[in-house]
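# Next one to model:
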Amino acid sequence: MARLWAVIKREYLERVRTKWFIFATVFAPLLMTALLILPIWLIGKSGGTSDLSRIWILDASGVGLGARVRSELSGGLMAADTSHAQVVVVSPAKLAQAESTSTHAVMRKETNGYLVLGPRILDDTIARYAGRNASALIDVQRVGEAVRREVLAMRLEQVGVDAEKVISLTRAKRLDLQTEQIGDRGREGSGMVKYFFSFAIAFLLYTSILVYGQTVLRSVLEEKQTRVAEVVISSISTDTLLAGKVLGVGAVGLTQQILWVIMTLVLTKAREPVMRAMHLPSTPIEIPSISPFVLALLMLFFFLGFILYSALFAAVGAMVNTDQEAQQAQQPFMLLLVATVILIQPVLLNPTTKLAIGASIFPFSAPILMPVRLSLMSVPWWQLAASLASMLVMIVVAIWLASRIYRVGLLMYGKRPTLREVARWVRRA
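Numbers count the residues shown, from 1 in each chain. Take a look at the predicted model:
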């Protein structure tokens, strides 16, 4: 036990003291906070293209829709001056030619773009915009909103609705549908908040398992390449060395996650004063309440998942001799992680389907997908027990295989072993 603790302590302190660990631990939450503030600040500064109204409106509707859209743009939606917005009334037969002429005008920078209002726009509600700023989502959205409101107004007027009522109806704000989740303990907060929180949990677990699993692989491969392993295993068993590496690096990952959670909570509280100081619109970030039991389960699933994948990655590191061989040999386990990531979205959308239940019990995807379901809903006890049992069984099998491969492969140099040779190592060990 003393030797195991010595290995765990060495692996832990060796990584915690590095500048990279300190940098990643401190600046990752700061970066995420900046990503929440900077886009709002940039949008507020840009506000879309300042001269978006400098467009041509090709009106083939036959009902004067182009003039109404031009008037809509003059209401301050995009610019206070719409003198640059020109309405070109064309017949449906000459619309194609007008589009060609307008395209060349955009190419010569005579206008930013042109809006096409076809002859059946009141029926099919399809308009087209082409211009240099067609990829600017804010600009395109503003043009689309202007056309939508005027099309709706004309439809209401055609059925005899009073003009003043048309204006009040078309200027109404969009519906803001707020969702709230109800669980076994009653109300559990916003459904959308839980959705994004669960996605963040899945991303954090996936990233941590991948990064620190790779760290174990690199550590084993480095010791093998530098022949340090030959000296180490003369005073300690390979099983103890493998267990110490996995537990030590796992403790590093757990420490970093705890620090990330604490710093994220602190920065979330400090976000609103910062945004008020920058004169930016600030909406409080709602953090869903998590019981200590669920929080402990999230940590447990991370740790068990890390042990499972780290044992497999350690076995890969003992089998190969170079970084190139390691990249190839680890592909099967990388595919398991990638397949889990693909399943995150379906589980988030509906965590009660058979696919979600099966994937959260399957040992290789359970470390990520069961925490997602725990963050979204109250998981039945038997599903939770089945998930933990399957992971524990797979961990025992993985450690049993990894320890035998590690025991022989750590001192094997030369060519990369075949699967038959690896099976022979397992039998003989």
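# so what are the domain limits for the protein?
As recorded under automatic domain parsing, the domains making up the chain are 55-170, 188-428.
# would you list these in a markdown table and tack on mean neighbour count?
For glycine as for every other residue, the C-beta is placed from the backbone atoms N, C-alpha and C. Below are the domains of the chain laid out as a markdown table (neighbours: other CB atoms under 10 Å):
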| stretch | mean neighbour count |
| --- | --- |
| domain 55-170 | 16 |
| domain 188-428 | 17 |
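# Just the strands from the stretch 151-300 of the chain, written as ranges.
Secondary structure of the stretch 151-300 of the chain (DSSP state E, counting those that start in this stretch): strands at 182-183, 186-187.
# ok now do residue 220, which residues does it touch?
Contacts for residue 220 (CB atoms under 8 Å, 6 or more residues apart in numbering) come out as 245, 314, 317-318, 406, 410.
# Where strands are concerned, which of these count?
The members of the contacts of residue 220 all map outside strands under DSSP state E.
# which one of those sits closest to residue 88?
residue 317 (68.5 Å; CB to CB).
# which one is the closest one nearest to, not counting chain neighbours?
Spatial nearest neighbour of residue 317, excluding adjacent residues (CB to CB, 6 or more residues apart in numbering): residue 220 at 3.2 Å.
# Then residue 373?
Counting by CB to CB, 6+ apart, residue 373 lies nearest to residue 351, which is 4.5 Å off, once chain neighbours are set aside.
# Which other helices and strands does the longest helix belonging to the chain contact?
What stands out as the longest helix in the chain, according to DSSP state H, is helix 238-277. Applying 3 or more CB pairs under 8 Å, 6 or more residues apart in numbering; DSSP states H and E, one finds that helix 238-277 contacts helix 2-16, helix 19-46, helix 191-225, helix 292-319, helix 381-409.
# Give me the phi and psi for the residue of the chain most remote from its centre.
Distance from the centre of the chain peaks at residue 160, with 48.5 Å (CA atoms, centre = their mean). Phi and psi for residue 160, reported as degrees, to the nearest 10, are phi 90, psi 20.
# element containing the residue nearest to residue 373, please.
Following DSSP states H and E, there is no helix or strand that holds residue 351.
# residue contacts, residue 87?
When contacts are taken as CB under 8 Å, 6+ apart, residue 87 is in contact with 56-57, 59, 66-67, 70.
# That one: which element?
Short version: residue 87 belongs to strand 86-89, going by DSSP H and E.
# In its sheet, which strands sit next to that strand, and in what direction?
strand 55-59 (parallel) (DSSP bridges).
# pLDDT weak spots in the stretch 251-400 of the chain?
For the stretch 251-400 of the chain, the stretches with pLDDT under 70 are 268, 270-289.
# hmm, back to that, of all the contacts of residue 87, which two lie farthest apart?
56 and 67 (13.2 Å).
# Just the angle for the longest helix of the chain relative to helix 381-409, thanks.
Helix 238-277 runs at 130 degrees relative to helix 381-409, counting by axes from the mean of the first three to the mean of the last three CA atoms, to 10 degrees.
# Assumed residue 378 was part of a helix.
No: using DSSP: H, G, I helix; E, B strand; the rest coil, the assignment for residue 378 is coil, not a helix.
# Next one: it from residue 334, what distance?
33 Å (CB to CB, to the nearest Å).
# what does stretch 344-356 rub up against?
195, 198-199, 202, 343, 359-360, 368-369, 372-373, 376-377.
# can I get those residues in a markdown table with distance to residue 239?
Formatted as a markdown table, the contacts of stretch 344-356 follow (distance: CB to CB, whole Å):
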| residue | distance to residue 239 |
| --- | --- |
| 195 | 43 |
| 198 | 37 |
| 199 | 38 |
| 202 | 33 |
| 343 | 34 |
| 359 | 32 |
| 360 | 31 |
| 368 | 28 |
| 369 | 30 |
| 372 | 33 |
| 373 | 34 |
| 376 | 39 |
| 377 | 40 |
